[in-house]
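Participant: Attaching a predicted model along with its sequence, questions to come.
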Amino acid sequence: MTESQILSQLNYWLIIVIMMMGFYIVLAHSNMIKKLIGLGIFQTSVYFLYIVPGKIVGGTAPIISSDYQVYSNPLPHVLILTAIVVGVATLALGLALVVRINEAYGTTEEDDFSGRDEWH
C-alpha cells in the first residue's frame, strides 16, 4: 500500500483504535462505572464508523436538480441521532443500576459482590 492509500484510510484506523480502547476498558476493569465509561467510548466509535462514510466531499443535500451531480446520503446521520438517544438511555439505566447496587452492597467493584446470593 502506498502512503496516500494509508492516509486515506487513517480515519478508519483511528475508529478501530477508539473501539478497541472502549472494549478493553469494558473487559479489563471490575469497577462498573469504568465499564459504563468504556461502553460509552465504544458506542462513540460506532457513531463515528457510521458518520465518516456518510459525508461525500462536494456532495449536496439530496435535492433533485440539474445543477447538482453528487449527493450526500442523510440516512447515516438520522440513524446516529436515534443511536445517540438509545445510548443515553442505556447509560442512564446502567448508572441507575450501579447506584442501586452501591446502595445494596456498598461497592461498585464487581469482584466484591459477584459471589453473594442475597441482597442486603
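Facilitator: Great, that's in hand.

Participant: how close does the residue nearest to the spatial centre of the chain get to Ile37?
Facilitator: Residue closest to the average C-alpha location in the chain (Cα atoms, centre = their mean): Gln43, at 1.1 Å. Per Cβ to Cβ, to the nearest Å, Gln43 is found 11 Å from Ile37. Where C-beta positions appear, they are placed from N, C-alpha and C, glycine not excepted.

Participant: what about this protein, any weak spots by pLDDT?
Facilitator: When residues are selected by pLDDT under 70, those of the chain lie in 114-120.

Participant: Tell me where it has helices.
Facilitator: Counting by DSSP state H, the chain has helices at residues 3-8, 10-28, 32-51, 75-105, 110-113.

Participant: Does anything pack onto the second one? Which helices or strands?
Facilitator: Same thing as helix 10-28. Counting contacts by 3 or more Cβ pairs under 8 Å, 6 or more residues apart in numbering; DSSP states H and E, helix 10-28 packs against helix 32-51.

Participant: Other residues contacting the helix it packs on?
Facilitator: Helix 32-51 is contacted by residues 11-12, 15-16, 18-19, 21-26, 29, 76-77, 79-80, 83-84, 87, 90-91, 94-95, 98, 101, 108-110 when judged by Cβ atoms under 8 Å, 6 or more residues apart in numbering.

Participant: In PyMOL, how would I select the buried members of those?
Facilitator: Buried members of the contacts of helix 32-51 can be picked out in PyMOL with the line below, counting by 16 or more other Cβ atoms under 10 Å:
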select buried, resi 15+18+19+22+25+26+76+80+87+94+98+101+108+109
